[in-house]
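Colleague: When you get a sec, could you give me coordinates for this:
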Amino acid sequence: MDSHEVLKAMDTKPQGSASLAAVVSAFVPTWVTGLIFVSIFIVVRRWYPNIYAPRTFIGSIPEKDRTPSVGRSYFNWIYTMRNVPDKFILYHQSLDAYLYLRFLRTTIFLCLIGCLFTWPILMPVNATGGGSSTELDRIGIGNVQDKGHFYAHAVMAWVFLGFVMFTVARERLWLIGLRQAWTLSKPVANRLSSRTVLFLSAPRDALNEGNIQQFFGEGALRIWPATKVEAIESLVSSLKFKIELLETAEMTLIRKANQEGRKIAKKFRPQDVNLGYDELIPDSIKKTIRPRHKPDVSPLNEKVDSIEWLREKIKEDEAKIEDARRTHEIGDTKGAAAVFVEFRTCAEAQRACRNVASSNLLALNPRYTGLTPSEIIWNNITIPPARRISEEGTALAIVIATIVFWSIPSGIIGLISNISYLADTYEWLSFLKNLPAPVIGLLSGLIPPLATSWLSKMVPNIFRYIFKSFGSPTNTAAELRVQKWYYVFQVTQVFLVTAVFSGAAPAAQELMDRVKDPTSVPELLARQLPKASNFYLTYFIIQGTTSAADNLLNYSDLLSYLICGYLFDKTPRQKFNRYTSMKGIAWGKLFPKFANFAIIAISYSCIAPLVLGFAAAGLSLYYFSYRYNLLFVIQPKVDTKGQAYTLALEHLLTGVYISELSLLGLFGLRKATGPSIMIAILFIVTVLYNMLMNRYLAPLEKFLPTDLASLSEGDDESTPLLSSAEEGHAQTNSRIQRLGQRAHVSPTVAQHVVDPIARFFEPQIFASHQAMRAWLQEDDSYDEEDVPAYTEEQLKKAYLNPALTSPTPVIWIARDSIGVSRNEIAENEQNGLKASDQGAWLDEKGRLKWSTEDFGEVPIWKQSIKY
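Modeller: Okay, here's the model as predicted:
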């Protein structure tokens, strides 16, 4: 076959292309589903505020940190969404929560700027490129046959991809300034966690209080050794389990006694209705209603009174725990230990993280600062260093194998998205041609993105379990590892593998036909591969409508609360835990997912610009849903102090590399020499940019600069952040603002146009530590005096393993009208067990209620300490 016939064959459009039909088929049902979800959310939101708006009222959130709300009408939340800024989340939740919303805004901004750059130029160029593609394929690069048209793509690549790189660098500089200002702010710097460093693989001598200065310097104040206490942990876990069993047994007795009491009371005269448990219930019935069980599975054992047996076992466990704690000593750890060290200031803790504390290569490494006690995985911080290294290697091997073998289901999904091509190509699939057009559209447009989304949801949970099971010392460290490897999964499986199978399937048969003429294969691939973009148009539609609406409706938590709460929660403690257990958020799952959204959009920016618009729309809907959840619902349980945002920004550059390599391959296959040279130079520039950014910014992202730390130690908070001279100097340093002044622009234009442009393009001025400190403190929500105070008892126990310090939980039962709870409390206290019926009761119908309005009445409630 000569070259003329090859090009003629390439111009022949494959049968069965239904890109527009697939997009429409995906859009209609998902949009309808999304509207249904939002409508249900608006209706049920009022009925279940603990599911849809706990941050506005629940007692576990301090009043100063609650989201302001004007009421519980159907649409009052929209008023709050409009009037409460994102910055409110920074002050009243966490740094990560604010940065997550900023990341979504940044990706939306990049997609919109990409549309602004590429749509007016590349869409007309592609549409007039001389190819024979139709529908949505016509405005993609696959429709370009004239080599001269590729210069437009090369120029747009320089412009847009260069803008992406600048934005990433700008955001990293901005984040460095914010983290420095945040870490050194008075409320944060004075937290115990900011002044405490965790050293793993601690030698035996480092665990002695007398050696604190030798190992950790003069700035060290106190240490908390951490060694293996597996036996005590097992006893404490067993004790808590038995306490819960005892509460269940007590509540079973109380319910049965009240049921019998109501039956008996119907036979009494009205004046005798108020008789108590002892007078109302005959002894014969009292004996039959008490819960009983076999303490052993052996059929020879007789049943025992469950309440009396559990009381006895609890006292036995208490004695064992007390004895184990009293005799607990730190023996020869052989490196299987860790130590928490408190320093005088946050700055000294930061210095300790950088200093070499031991001549032993593996001792006192790695190190972590800014950890709260709730983040620590206690079993993993006492692993010997050699075992830790081997477990980390094993975890990585399992994760990599998971990613590799996930290609099988991902590839199948990609093939399904091209079902029309497969039906035309393979005879055994020809029956699919008889299906109605809407069904074909659903199979190729709706099912693959849904399946991709469902499969990808499983992966971060698998990764998290692997890393926690193989040595991650803290939940934060595990979450950051999940983020790094879930990003790899997202890019390889959700994007690249699916794109290759999606785009290569239509060309598979033709590739086989052209084996005898290999020279035509590259041209064929260059024309067919860009069509994989149609898959991601429907992917963004489904994610942006159905999934974002699902985030609002949150039906899984609602059903869990209604069904599980009714079927399984039989004690006040269970009711309390379910009611106050607020939804968390997994940064390791979300940042890679939306980074991949942006990576796909950037990769296709010069190949199929339409993807940018769909990505912007999908990300905007997600931003709205997550903004609602962070304001009203979510309580983050992991705080990476901005590290997750840094990783996400670095990951965005993957889209730049993929875009450049794709264009380089396409131009090379089409023999477009000029555009190929332009993209090759851009690729080299990108590599150099990436290397330099990481070299100079990575240390500032990891550690606090010594000069700033030293200044913070002697900082006088009464002095102004910037003197008038400094403010004027900052203004004159801005070249853009000086140009505005020379052009005599009006104050309104300067405020709304010139100043935002200056802040964006001059981060070296407007993202400095001083500038970010002023930005941080300019809001009324910032409270400079919100400095935590700790008692000596709190400091003594702060970073000790809870197994060594936790008391026996109070037995919490519900108050009842005939006084069974009072009788049981008295019996428990006679056995040396603390019990209470305060804050919980059985109503007249025997339903369990508790004090949801006043947590002060709940005996198991304790205000959390801000470590």
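
Colleague: What are the neighbouring residues in contact with D755?
Modeller: Q737 (C-beta atoms under 8 Å, 6 or more residues apart in numbering). Bear in mind the C-beta positions are built from the backbone N, C-alpha and C, glycine included.

Colleague: can you do 10 Å?
Modeller: The neighbours of D755, taking C-beta atoms under 10 Å, 6 or more residues apart in numbering as the test, are 731, 734, 736-737, 740, 749, 766.

Colleague: Least confident secondary structure element in the chain?
Modeller: helix 3-11 (a mean of 37; mean pLDDT, DSSP states H and E).

Colleague: ok so, going back, show me which of the contacts of D755 is closest to W428.
Modeller: When the contacts of D755 are ranked by distance to W428 (C-beta to C-beta), F766 comes first, at 63.4 Å.

Colleague: pull the CA atoms of stretch 193-201 into CSV?
Modeller: What follows is stretch 193-201, C-alpha atoms only, in CSV (Å, rounded to 0.1, in the frame of the first residue of the first chain):
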residue,chain,number,x,y,z
SER,A,193,2.2,19.7,69.6
SER,A,194,4.2,22.6,67.9
ARG,A,195,6.8,22.3,70.6
THR,A,196,7.1,18.5,70.7
VAL,A,197,9.1,16.2,68.4
LEU,A,198,8.7,12.5,68.0
PHE,A,199,12.0,10.6,67.6
LEU,A,200,11.7,7.0,66.4
SER,A,201,14.3,4.2,67.0
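
Colleague: Please compute how far that stretch lies from its chain's middle.
Modeller: Counting by C-alpha atoms, centre = their mean, to the nearest Å, stretch 193-201 is centred 24 Å from the centre of its parent chain.

Colleague: And it, what's buried?
Modeller: By 16 or more other C-beta atoms under 10 Å, the buried positions in stretch 193-201 come out as 193-201.

Colleague: And these, which two are furthest apart?
Modeller: The most widely separated members of these, counting by C-beta to C-beta, are S194 and S201 (23.0 Å).

Colleague: related to what we said a few turns ago, so which of the buried residues of stretch 193-201 sit within helices?
Modeller: In helices, defined here by DSSP state H, there are no members of those.

Colleague: List the buried residues in stretch 258-271.
Modeller: Of all the residues in stretch 258-271, those buried under the rule 16+ other C-beta under 10 Å are 258, 260-262, 264-265.

Colleague: what do you get for stretch 660-667?
Modeller: Applying 16+ other C-beta under 10 Å to stretch 660-667 flags 660, 662-667 as buried.

Colleague: go on, stretch 794-804?
Modeller: Buried, per 16+ other C-beta under 10 Å, within stretch 794-804: 797-801, 803-804.

Colleague: Over to stretch 283-300?
Modeller: Neighbour-count burial for stretch 283-300, counted by 16+ other C-beta under 10 Å, picks out 285-286, 289-291.

Colleague: Over to stretch 156-169?
Modeller: By neighbour count with 16+ other C-beta under 10 Å, stretch 156-169 contains the buried residues 156-157, 160-161, 164-165, 167-169.

Colleague: ok, those residues vs A758, which is closest?
Modeller: T167 (15.5 Å).

Colleague: Give me the phi and psi angles of the closest one.
Modeller: phi -60, psi -40 (degrees, to the nearest 10).

Colleague: I figured it was touching F109, is that so?
Modeller: Yes: T167 is within contact range of F109, at 7.6 Å (criterion: C-beta atoms under 10 Å).

Colleague: Give me the common contacts of the two.
Modeller: Jointly contacting T167 and F109 under the rule C-beta under 10 Å, 6+ apart are F760.

Colleague: quick one: the strands in the stretch 551-700 of the chain?
Modeller: Read by DSSP state E, counting those that start in this stretch, the stretch 551-700 of the chain holds no strands at all.

Colleague: try the stretch 251-400 of the chain
Modeller: 292-293, 304-305, 338-343, 367-369.

Colleague: most packed of the ones you listed?
Modeller: Comparing the strands of the stretch 251-400 of the chain by mean neighbour count (mean count of other C-beta atoms under 10 Å), strand 338-343 comes out on top with a mean of 25.

Colleague: Partner strands of it, with direction?
Modeller: strand 196-200 (antiparallel), strand 220-226 (antiparallel) (DSSP bridges).

Colleague: Which one of these lies nearest to A386?
Modeller: Per C-beta to C-beta, nearest to A386 of the strands paired with strand 338-343: strand 196-200, 12.5 Å.

Colleague: on that earlier part again, dump the strands of the stretch 251-400 of the chain to a markdown table, plus distance to V745 and mean pLDDT.
Modeller: Supplementary listing: those in a markdown table, determined by distance: least, C-beta to C-beta, whole Å; pLDDT from 0 to 100:
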| stretch | distance to V745 | mean pLDDT |
| --- | --- | --- |
| strand 292-293 | 82 | 87 |
| strand 304-305 | 86 | 90 |
| strand 338-343 | 50 | 92 |
| strand 367-369 | 46 | 90 |
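
Colleague: Export the ones you listed as CSV, with columns for distance to I254.
Modeller: Formatted as CSV, the strands of the stretch 251-400 of the chain follow (distance: least, C-beta to C-beta, whole Å):
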stretch, distance to I254
strand 292-293, 16
strand 304-305, 15
strand 338-343, 43
strand 367-369, 47
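
Colleague: Relative to F766, how far out is R738?
Modeller: Between R738 and F766 the computed distance is 14 Å (C-beta to C-beta, to the nearest Å).

Colleague: Phi, psi for the spatially closest residue to E233 that is not a sequence neighbour please.
Modeller: If the residues on either side of it in the chain are set aside, E233 comes closest to A803, at 4.3 Å by C-beta to C-beta, 6 or more residues apart in numbering. Here is the backbone geometry of A803 (degrees, to the nearest 10): phi -60, psi -20.

Colleague: Could you pull up the residues touching A803?
Modeller: Taking C-beta under 10 Å, 6+ apart, we find A803 in contact with 229-237, 321, 324-325, 328, 378.

Colleague: circling back to that earlier point, quick one: which of the buried residues of stretch 794-804 is nearest M582?
Modeller: Distance to M582 across the buried residues of stretch 794-804 (C-beta to C-beta) is lowest for A798, with 23.2 Å.

Colleague: how close does that closest one sit to A478?
Modeller: In terms of C-beta to C-beta, A798 sits 22 Å off from A478.

Colleague: repeat for I541
Modeller: Using C-beta to C-beta, I541 is found at 33 Å from A478.

Colleague: could you point out the longest helix in this protein?
Modeller: From DSSP H, the single longest helix across the chain is helix 230-265.

Colleague: Check which residues of it are buried.
Modeller: Buried-residue list, helix 230-265, by 16+ other C-beta under 10 Å: 232-233, 235-236, 238-239, 242-258, 260-262, 264-265.

Colleague: How far off centre is it?
Modeller: 36 Å.

Colleague: Next: stretch 69-88.
Modeller: Here stretch 69-88 is found 23 Å from its chain centre; the criterion is C-alpha atoms, centre = their mean.

Colleague: swap in stretch 602-612?
Modeller: That offset, for stretch 602-612, works out to 27 Å (C-alpha atoms, centre = their mean).
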